[in-house]
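Visitor: Provided below for reference: sequence and predicted model.
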Amino acid sequence: MSEFHEYRSVWEHDELMRRLGRIRHVALDMDGTIYMGGSLFPYTKGFLAGLRELGIGYSFLTNNPSKSIADYLGRLASMGIEATRDEMYTTVLATIDYLREHHPQARRLFLLGTPSMISEFEAAGYVSTADSAEDRPDAVVVAFDMTLTYSRLCRAAWWVRQGLPYIATNPDRVCPTDLPTVLVDCGSICAAIEHATGRRPDITLGKPDPNMLTGILSRHNLRPEEIAMVGDRIYTDIEMAHNAGATGVLVLSGETTLPTAEAAARQPHLIAEHIGVLGRLLREAHGA
């Protein structure tokens, strides 16, 4: 590999400029991309302002289903970023969309998730069943549950073993954090259930499932080459970009290191130190 300085692309510079010049919308991962834990990156506000100046739209995507849309909007607002509900797309919304299409009769769910996540499902018309063998759900949804208790984990495993439809909101093994801990995420919780029951989820939504991007394409009447997916993870953000035919931009401000990126089977189209570097490249590509 050539020496890395701020960014690297699979394309030569002229081709990179041509590709970035087509971009009309940027899909932004959140944790590890625009902030880390509770800290907004210093280049985030300038990056978003630059997109607005270029007439490039943006959406916030997250594989983290532990908070409601209102929670996320409130968190962004507390960091000085004003966003609308239409600019947010989480794996909770992706799961609700999946249930409505593939399990339209399912109304009662055993939800292994936070109270904020459960409230989002209830607002969509679903009933959250109790931790009881007598309260049989229509399906099991397992998510990143920061309020996880042992009894509810065991109940989820019980219903999974009974053969009920089993949906995971996201594949992430850990959630990025700036705290001295490891935040065990949905993928790791599902691994525990698999070890106990021998069964994997019927489907794992969230990134890298391309539906997280195709919904944005449809909403904004975009072609795949007109959207860039920007995130800090190879196995979710960049894989989803490849799966949806979009431009995949990996930032090194979160989970993935440069050696990990260089070893990936499907390379990011662009690797940048952070979104501030991407902002400068987009301005150059759009002649600003």
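Guide: Structure received. As the structure is a prediction and not an experimental result, all values here were calculated from the model.

Visitor: going forward, measure contacts and count neighbours with C-alpha atoms only.
Guide: Will do.

Visitor: any chance you could list what contacts stretch 5-14?
Guide: Leu16, Gln267, Pro268, His269, Leu270, Ile271, Ala272, Glu273, Val277 (CA atoms under 8 Å, 6 or more residues apart in numbering).

Visitor: just stretch 200-211 next, same as before
Guide: Contacts of stretch 200-211 (CA under 8 Å, 6+ apart): 62-63, 90-91, 94-95, 165-171, 190-191, 193-194, 212, 235-241, 243-244.

Visitor: pLDDT of stretch 177-187, averaged?
Guide: When pLDDT is averaged along stretch 177-187, the result is 92.

Visitor: nearest residue to Leu270 other than its sequence neighbours?
Guide: Once flanking residues are discounted, Leu270 sits nearest to Ser9: 4.3 Å by CA to CA, 6 or more residues apart in numbering.

Visitor: distance check, the one you found against Pro208.
Guide: From Ser9 across to Pro208, the span is 21 Å (CA to CA, to the nearest Å).

Visitor: more crowded one of those two?
Guide: Pro208 (25 against 15; other CA atoms under 10 Å).

Visitor: which ones are touching the nearest residue to that one once chain neighbours are set aside?
Guide: Excluding the flanking residues, the one nearest Pro208 by CA to CA, 6+ apart is Met240, at 3.9 Å. Applying CA under 8 Å, 6+ apart, we find Met240 in contact with Lys207, Pro208, Asp209, Pro210, Met212, Leu213.

Visitor: and Met240, which of the three is it?
Guide: Recorded secondary structure, Met240: helix (DSSP: H, G, I helix; E, B strand; the rest coil).

Visitor: give me the pLDDT for Thr147.
Guide: We have a pLDDT of 97 for Thr147.

Visitor: pLDDT score assigned to the closest residue to it other than its chain neighbours?
Guide: The shortest distance from Thr147 to any non-neighbouring residue, by CA to CA, 6+ apart, is to Thr114 (5.7 Å). At Thr114, the model reports a pLDDT of 96.

Visitor: equivalent analysis for Asp135, please.
Guide: At Asp135, pLDDT is 98.

Visitor: please apply the same query to Gly38.
Guide: Gly38 is assigned 81 on the pLDDT scale.

Visitor: what is the neighbour count of it?
Guide: 12.

Visitor: skipping adjacent residues, who's closest to it in space?
Guide: Nearest residue to Gly38, sequence neighbours excluded (CA to CA, 6+ apart): Asp178, at 7.6 Å.

Visitor: from Ser253, how far out is the one you found?
Guide: 11 Å.

Visitor: out of the two, which sits in the busier spot?
Guide: Ser253 (21 against 13).

Visitor: surely the more buried one meets Ile271?
Guide: No: if you go by CA atoms under 8 Å, Ser253 and Ile271 don't touch, sitting 10.7 Å apart.

Visitor: buried ones in the helix-or-strand element of the chain with minimal mean pLDDT?
Guide: Across the helices and strands of the chain, mean pLDDT, DSSP states H and E gives its lowest value to helix 211-220, namely a mean of 82. Within helix 211-220, the residues scored as buried using 16 or more other CA atoms under 10 Å are Asn211, Met212, Leu213, Thr214, Ile216, Leu217.

Visitor: what does stretch 95-108 give?
Guide: For stretch 95-108, by 16+ other CA under 10 Å, it's Thr95, Ile96, Tyr98, Leu99, Arg107, Arg108.

Visitor: looking at those, which are in strands?
Guide: Arg108 (DSSP state E).

Visitor: among the buried residues of stretch 95-108, which two are most distant?
Guide: Maximum pairwise distance among those (CA to CA): 14.7 Å, between Tyr98 and Arg108.

Visitor: count of residues packed around Arg223?
Guide: Neighbours of Arg223 under the rule other CA under 10 Å: 15.

Visitor: nope, Pro210 is what I meant
Guide: The number of residues packed near Pro210 is 20, by other CA under 10 Å.

Visitor: show the model's pLDDT score for the residue nearest to Pro208.
Guide: The model's pLDDT for Met240 equals 95.

Visitor: what stretches of the protein score poorly on pLDDT?
Guide: For the chain, applying pLDDT under 70 flags the ranges 1-2.

Visitor: can you show me the helices along it?
Guide: 13-21, 44-54, 69-78, 91-102, 115-123, 150-161, 186-197, 211-220, 239-244, 258-262, 275-285 (DSSP state H).

Visitor: make a markdown table out of the ones you listed and add distance to Phe4.
Guide: Below are the helices of the chain laid out as a markdown table (distance: least, CA to CA, whole Å):
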| stretch | distance to Phe4 |
| --- | --- |
| helix 13-21 | 14 |
| helix 44-54 | 22 |
| helix 69-78 | 32 |
| helix 91-102 | 33 |
| helix 115-123 | 40 |
| helix 150-161 | 44 |
| helix 186-197 | 32 |
| helix 211-220 | 29 |
| helix 239-244 | 22 |
| helix 258-262 | 9 |
| helix 275-285 | 13 |
